[in-house]
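Enquirer: for reference, the sequence and a predicted model appear below.
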Amino acid sequence: MKVRRLAPADIEAIEAAQYYKAIDPKLSDRLIKEFEASIQRIVRFPQGWKPIDNDLRQCVIKGFPYVVIYAVRGEEIIVVAFANTHRQPGYWRDRLTNI
């Protein structure tokens, strides 16, 4: 399956990594590793995570308060958000017009 990440999701991942790097560079490295591992799990099992709305699903990032919000469209996985679970739910919904 092909993975397409929306630009705002990439920005969220970068900002989260920068936040954790300021605390401890090892945390930042671990977050990036877990984010990429989550994407690979989604590729292997695209329907394996909790549906949250119609064709959207969320995959929890191990060890961090983040989830990957994604949609499966045919043979493509679209990463909509790298969402902090402490942030307002659904803030990323306006991005759905881009998929």
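Expert: Ah, there it is.
Enquirer: pull the longest helix from the chain.
Expert: Looking across the chain with DSSP state H, the single longest helix is helix 25-44.
Enquirer: buried stuff in that helix?
Expert: By 16 or more other C-beta atoms under 10 Å, the buried positions in helix 25-44 come out as L27, S28, R30, L31, I32, E34, F35, S38, I39, I42. Bear in mind the C-beta positions are built from the backbone N, C-alpha and C, glycine included.
Enquirer: the chain: helices as residue ranges?
Expert: Using DSSP H, helices in the chain cover 7-23, 25-44.
Enquirer: same list (those helices) but as JSON lines, adding mean pLDDT and distance to I61.
Expert: Below are those laid out as JSON lines (pLDDT from 0 to 100; distance: least, C-beta to C-beta, whole Å):
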{"stretch": "helix 7-23", "mean pLDDT": "96", "distance to I61": "9"}
{"stretch": "helix 25-44", "mean pLDDT": "96", "distance to I61": "5"}
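Enquirer: quick one: closest of those helices to A81.
Expert: Of all the helices of the chain, it is helix 7-23 that lies closest to A81, at 5.2 Å by C-beta to C-beta.
Enquirer: go through that closest one and flag the buried ones.
Expert: P8, A9, E12, A13, A16, A17, Y20.
Enquirer: what does stretch 49-58 give?
Expert: W49, L56, R57, Q58.
Enquirer: wait, the third one sits on W49?
Expert: In this case it means R57. Yes. If you go by C-beta atoms under 8 Å, R57 and W49 touch, sitting 4.6 Å apart.
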